[in-house]
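Student: Take this sequence and fold it.
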Amino acid sequence: MAATLTVRVARPNDLQTLDTMFARSYPALLKNDYPPSIMVTAVPVIARANPRLLASGTYYVVQSDGDIVGGGGWTRAAPVGPTRSKTAHVRHLVTDHRRTREGIGRTLIERIIADAAASGARTLECHSTRTARPFYAACGFRELDRIDVPLGAGIVFPAIRMIRRL
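Tutor: Numbers count the residues shown, from 1 in each chain. Here you go, the predicted structure:
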C-alpha cells in the first residue's frame, strides 16, 4: 500500500530535519549531472535550508507517516535578478533521494502552482538543476536559458531557468 502524503506549511523548527534531508539527498540526486568540482563547492551551499523561506508561509513540507520526505515553496521575490510583477518563483524544491518517483515532487509543485496562482501570479519561474529539468518539463515548464546562479564567495551553480504560465 502506498504511503499517504500530506502537505503543510513549513515551520522554523523544520530547519534541522530539512538540512539533514538536503545534505543527504543533493549529493545522491545530482552526482550524475554535475562534475566533482561543483559537487564539492556548490552542493554544501545549496544543501542548507533557508530560515527565511521556512518562515515565509509559502514554503511547504511533504510528510509521509510523520517523516518529512520533501520540501519546496515559492516567493514573489526572485532568488537572483529582478523581481517582475505577476511572476512567482519556485524555491528550493527537493525530494528525499530515497523516495523519488513517488509523487512527492508532484504534490509540492501542485501546491505551489495553486497557491501562487491564487496570489495573483500569472507565471511561475524556477532555476532548475540539470537533474530536475525533466520533472519541471513534465509539469508544464519550458526552458528559457542556461544560467549560473551565484552562491557567494565566487561559487556558482549551473542551472536552467524555466517558466510556466499559470
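
Student: how about the nearest residue to residue 42 once chain neighbours are set aside, what does it touch?
Tutor: If you skip the residues right next to it in sequence, residue 42 has residue 157 as its closest partner in space, 4.3 Å away by CB to CB, 6 or more residues apart in numbering. Where C-beta positions appear, they are placed from N, C-alpha and C, glycine not excepted. For residue 157, the contacting residues are 38, 42, 45, 46, 148, 149, 151, by CB atoms under 8 Å, 6 or more residues apart in numbering.

Student: Would you mark the buried spots in the strand or helix carrying residue 157?
Tutor: Counting by DSSP states H and E, the element that carries residue 157 is strand 155-165. Of the residues in strand 155-165, those scored as buried under the neighbour-count criterion (16 or more other CB atoms under 10 Å) are 157, 159, 160, 161, 162, 164.

Student: List the contacts of the spatially most central residue of the chain.
Tutor: Centroid-nearest residue in the chain, with CA atoms, centre = their mean: residue 93, separated by 1.8 Å. Contacts of residue 93 were listed using CB under 8 Å, 6+ apart, and they are 70, 71, 72, 73, 105, 108, 109, 112, 126, 132.

Student: Just the helices from the chain, written as ranges.
Tutor: Using DSSP state H, the helices of the chain run over 15-30, 36-41, 43-46, 51-54, 104-118, 133-138.

Student: and those helices as TSV, adding mean neighbour count, distance to residue 63 and mean pLDDT?
Tutor: Formatted as TSV, the entries for the helices of the chain read as follows, by neighbours: other CB atoms under 10 Å; distance: least, CB to CB, whole Å; pLDDT from 0 to 100:
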stretch	mean neighbour count	distance to residue 63	mean pLDDT
helix 15-30	17	10	97
helix 36-41	12	29	95
helix 43-46	16	23	93
helix 51-54	16	15	95
helix 104-118	19	10	97
helix 133-138	16	20	98
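
Student: Would you format those as TSV with distance to residue 4 included?
Tutor: Supplementary listing: the helices of the chain in TSV, determined by distance: least, CB to CB, whole Å:
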stretch	distance to residue 4
helix 15-30	19
helix 36-41	34
helix 43-46	29
helix 51-54	23
helix 104-118	11
helix 133-138	22
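
Student: Out of those helices, flag the one nearest residue 65.
Tutor: The closest approach between residue 65 and any of the helices of the chain, judged by CB to CB, belongs to helix 104-118 at 12.7 Å.
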